[in-house]
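>>> sequence plus predicted model, see below.
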Amino acid sequence: MYYRFAALEAVDEAFKGRATAIVIGAGVAAAVLAPSLAALGRNLVAVPFAGAYLLVAAMAASATLILATLPSGLAHTPGACC
């Protein structure tokens, strides 16, 4: 919910619009895809809804791998001069 504000603080002035659009677009994509993924995962394994938890774990692992590849130290420090 507040990721868009964090995105605005982490980028330069020139990229604030793009950062906001990416965060809001990802939220909309998640809202559209989540019901389909939940229905898919509900009967993925023998235990009811265990597949949904496995899908969530797989998505979290993939997000971790994606974030681990981002370069560090490039974000603007809020409150820093110049």
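Noted; the coordinates are in hand.

>>> find the helix or strand that the residue nearest to Leu37 when sequence neighbours are not counted is a member of.
In space, Leu37 comes closest to Leu55 once its chain neighbours are excluded; the distance is 5.6 Å by C-beta to C-beta, 6 or more residues apart in numbering. For glycine as for every other residue, the C-beta is placed from the backbone atoms N, C-alpha and C. Leu55 is located in helix 50-68, with elements delineated by DSSP states H and E.

>>> now the longest helix anywhere in the chain against helix 50-68, angle please.
Ranked by number of residues, the top helix in the chain under DSSP state H is helix 16-42. Going by axes from the mean of the first three to the mean of the last three C-alpha atoms, to 10 degrees, helix 16-42 is angled at 150 degrees with respect to helix 50-68.

>>> flag every buried residue along helix 16-42.
Ala19, Thr20, Val23, Gly41 (16 or more other C-beta atoms under 10 Å).

>>> got those residues as CSV, with distance to Ala31 and pLDDT columns?
Output for these, formatted as CSV (distance: C-beta to C-beta, whole Å; pLDDT from 0 to 100):
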residue, distance to Ala31, pLDDT
Ala19, 19, 87
Thr20, 17, 89
Val23, 13, 89
Gly41, 17, 86
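
>>> now those as a markdown table including distance to Glu9?
A markdown table is the format used below for the buried residues of helix 16-42 (distance: C-beta to C-beta, whole Å):
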| residue | distance to Glu9 |
| --- | --- |
| Ala19 | 9 |
| Thr20 | 11 |
| Val23 | 12 |
| Gly41 | 34 |
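
>>> just give me the closest of the residues you listed to Thr64.
Of all these, Thr64 sits closest to Val23, with 17.9 Å by C-beta to C-beta.

>>> which residues of this protein score low on pLDDT?
The chain contains residues with pLDDT under 70 at 1, 73-82.

>>> could you redo the last one with a cut-off of 80?
Applying pLDDT under 80 to the chain picks out residues 1-2, 70-82.
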